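Engineer: with the input below, show me the fold.
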Amino acid sequence: MGWPAEIGRVRAWYEPYLERIHEDFEMRRTDLLQLEDIAAGYPSRERFLTELTLDPPDATSGQAGVPLLDEDYLILSTIHSAKGQEWRSVFVLNAVDSCIPSDLGVGTTDDIEEERRLLYVAMTRARDSLNLVVPQRFFTHGQSSTGDRHVYASRTRFIPAMLLQHFENRTWPVVKPGQQSSSGPRQVRLDVGARMRGMWR
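Structural biologist: As a prediction, this is how the structure comes out:
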């Protein structure tokens with residue numbers, strides 16, 4: 001049969017034995033099929049074995065298993081770089097006007113439609129769970145240490161009131177009926193900077 005077809009015949013002869021002695025037969029069979037594909041790129045058996053001997057792979061990647069704790073991580077992404085990606089759970093932050101659509105993206109009708117498409121991209125990255133985070137207010141920059149100047153945020157125009165029936169609306173923190181709000185009287189502010197300086201004197 002000649003090279004590289006002969007390696008396929010060897011694999012076919014070896015497979016029943018492989019299935020008998022290994023529990024992870026399917027994974028090993030996949031490795032052999034991949035090796036067969038790689039071998040097809042070499043002009044001869046001698047050249048293939050020489051290359052494999054001189055530059056062997058470090059390992060073979062196995063199938064995905066149960067995730068370990070240190071593999072449970074969060075991915076932060078812009079909407080643009082999320083195109084083509086998919087995740088189990090997606091949180092779209094700041095789903096409010098001035099963020100989606102951006103202040104810079106409302107110059108023309110085409111700009112607004114592009115912003116709408118971006119929100120669509122963000123929302124369709126979710127496989128199981130989608131959360132749109134709509135903050136109630138934004139604190140303004142450059143205020144004094146005792147200030148709390150803020151502006152109220154409005155939900156993005158791309159999700160009008162008529163569409164809210166398709167969403168589950170949750171607020172945080174949750175205040176049960178009859179329960180006092182936790183806001184209460186304001187706490188005394190501490191000058192952390194002064195305290196830190198005092199510790200180093």
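Engineer: only C-alpha atoms for contact and neighbour calcs from this point on.
Structural biologist: Noted.
Engineer: can you give me the helices for the protein?
Structural biologist: Along the chain, the stretches classed as helices by DSSP state H are 5-21, 25-39, 45-54, 79-82, 109-123, 192-199.
Engineer: out of those, the one nearest D148 is which?
Structural biologist: Nearest of the helices of the chain to D148, taken as C-alpha to C-alpha: helix 192-199 at 17.3 Å.
Engineer: what is that closest one packed up against?
Structural biologist: Counting contacts by 3 or more C-alpha pairs under 8 Å, 6 or more residues apart in numbering; DSSP states H and E, helix 192-199 is packed against no other helix or strand.
Engineer: dump the C-alpha coordinates for it into CSV.
Structural biologist: Below are the C-alpha coordinates for helix 192-199, written out as CSV (Å, rounded to 0.1, in the frame of the first residue of the first chain):
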residue,chain,number,x,y,z
VAL,A,192,-8.4,57.0,55.9
GLY,A,193,-5.5,59.0,54.5
ALA,A,194,-4.9,60.8,57.8
ARG,A,195,-5.2,57.5,59.7
MET,A,196,-2.6,55.9,57.5
ARG,A,197,-0.2,58.8,57.8
GLY,A,198,-0.6,58.6,61.6
MET,A,199,0.4,55.0,61.6
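Engineer: state the mean pLDDT of that helix.
Structural biologist: Confidence over helix 192-199, taken as the mean pLDDT, stands at 80.
Engineer: and it, how far out from the chain middle?
Structural biologist: Averaged C-alpha coordinates place helix 192-199 at 39 Å from its chain's average position (C-alpha atoms, centre = their mean, to the nearest Å).
Engineer: quick one: closest of the helices of the chain to G147.
Structural biologist: Among these, helix 192-199 comes nearest to G147, with 15.7 Å by C-alpha to C-alpha.
Engineer: quick one: contacts of that closest one?
Structural biologist: With contacts defined as C-alpha atoms under 8 Å, 6 or more residues apart in numbering, helix 192-199 is touched by no residue outside it.
Engineer: returning to that earlier point: any chance of the helices of the chain in TSV, plus mean neighbour count?
Structural biologist: Formatted as TSV, the entries for the helices of the chain read as follows, by neighbours: other C-alpha atoms under 10 Å:
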stretch	mean neighbour count
helix 5-21	13
helix 25-39	15
helix 45-54	12
helix 79-82	12
helix 109-123	16
helix 192-199	9
